[in-house]
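Asks: Turn this into a structure:
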Amino acid sequence: MSPDTFLFCAAAALAAGFVDAIAGGGGLVTVPALTLAGLDPVSTLATNKLQSAFGSGSALRAFARAGQVDAGEARPVAIGAGLGALAGAALVAHLPLRFLAAALPAALALAALYFALSPKLSDVATRPRMGQARFRALVVPLVGFYDGVFGPGAGSFYMLGFVALRGLGALKATALTKAANFASNLAALALLAATGHVWWSLGLAMGAAQYFGARMGARAAIRGGAALIRPMLVVICLAVAGKLALGQLGVL
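Replies: As a prediction, the model looks like this:
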């Protein structure tokens, strides 16, 4: 790989870390960058999980230092997401992903509509619609499983659950989403690394860039609150939905 391509991937990771810390969707930047760099599909996914773990870990640390993460609440979320991602990564070769890919654009478009119109997405918590134990046992592992299998939009689905079902404010929901993302990234990486498809030098360089990008993004989210998180979520959901839909049509 040429030095220019290496630096291009690192720059993409820096930008992705910033966006991902606020609203998710960093893979929209890094996966195409890795593909353009010449990695095969499996190596792209494996290396992307490595560098993404740095970004989600950095964002989680920034939210925790700002007092937005309750360890007692984040720990079971991380465990559920990690276990779900392990199961998803283990079964990925046996699942009909084409049906999942076909359904996702509509699901993400509906999520974007919810984030755009719902008065629940604010910095103020509302009344939960699902108990904490049931949410941790059902919703968190389910989204983690999806992240281990496929991945695009997982952060948006976590956010949707935390806001719509648990009634959390936007900032706290974003912080817990990073805990879930970090755990699912590490769990999926643990399985993918065993296949030998991770490009470690590239992934670690991109991870360092993700780390600093995510720190900046988390600080922006903490300062901006729901006023910044809401429009970013809408844009990311629509962008991921559009990319997946065009991919189904053979355009991307």
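
Asks: going forward, measure contacts and count neighbours with C-alpha atoms only.
Replies: Will do.

Asks: For stretch 33-47, list every residue counted as buried.
Replies: Residues of stretch 33-47 classed as buried by neighbour count (16 or more other C-alpha atoms under 10 Å): 33-34, 37, 39, 43-47.

Asks: if we look at that stretch, which residues are touching it?
Replies: Applying C-alpha atoms under 8 Å, 6 or more residues apart in numbering, the contact partners of stretch 33-47 are 1, 5-6, 8-9, 12, 31, 48, 189, 192-193, 197-200, 202-203.

Asks: how about 10 Å then?
Replies: By C-alpha atoms under 10 Å, 6 or more residues apart in numbering, the list of residues contacting stretch 33-47 from outside reads 1-2, 5-6, 8-13, 27, 30-32, 48-49, 52, 150-151, 185, 188-204, 206-207.

Asks: got the end-to-end distance for it?
Replies: Stretch 33-47 has its terminal residues 11 Å apart, counting by C-alpha to C-alpha, to the nearest Å.

Asks: returning to what we had before: are any of the contacts of stretch 33-47 buried, and if so which?
Replies: By 16+ other C-alpha under 10 Å, the contacts of stretch 33-47 give 6, 8-13, 27, 30-31, 48-49, 52, 150-151, 185, 188-193, 197-200, 202-204, 206-207 as buried.

Asks: Out of those residues, list just those in helices.
Replies: Those of these mapping onto helices are 6, 8-13, 27, 30-31, 48-49, 52, 185, 188-193, 200, 202-204, 206-207, per DSSP state H.

Asks: Confirm for me that Gly55 is in contact with Ala205.
Replies: No - the criterion here is C-alpha atoms under 10 Å, and Gly55 misses it with Ala205 at 11.8 Å.

Asks: The two - which one has more neighbours?
Replies: Gly55 (35 against 18; other C-alpha atoms under 10 Å).

Asks: what's the spacing between that one and Gly161?
Replies: Distance of Gly55 to Gly161, computed by C-alpha to C-alpha: 21 Å.

Asks: send the alpha carbons of the host helix or strand of Ala175 over as CSV?
Replies: Here Ala175 is covered by helix 170-193, with elements defined by DSSP states H and E. Listed next in CSV are the C-alpha coordinates belonging to helix 170-193 (Å, rounded to 0.1, in the frame of the first residue of the first chain):
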residue,chain,number,x,y,z
ALA,A,170,-30.3,12.4,23.9
LEU,A,171,-27.0,12.9,25.6
LYS,A,172,-27.3,9.9,28.0
ALA,A,173,-28.7,7.7,25.2
THR,A,174,-25.7,8.6,23.0
ALA,A,175,-23.3,7.8,25.8
LEU,A,176,-24.8,4.4,26.4
THR,A,177,-24.9,3.7,22.7
LYS,A,178,-21.1,4.2,22.7
ALA,A,179,-20.8,1.6,25.5
ALA,A,180,-22.8,-0.9,23.4
ASN,A,181,-20.9,-0.1,20.2
PHE,A,182,-17.5,-0.5,22.0
ALA,A,183,-18.5,-3.9,23.4
SER,A,184,-19.9,-5.2,20.1
ASN,A,185,-16.9,-4.0,18.1
LEU,A,186,-14.5,-5.8,20.5
ALA,A,187,-16.6,-9.0,20.5
ALA,A,188,-16.8,-9.1,16.7
LEU,A,189,-13.1,-8.3,16.3
ALA,A,190,-12.2,-11.2,18.6
LEU,A,191,-13.8,-13.6,16.2
LEU,A,192,-12.7,-11.9,13.0
ALA,A,193,-9.1,-11.6,14.2
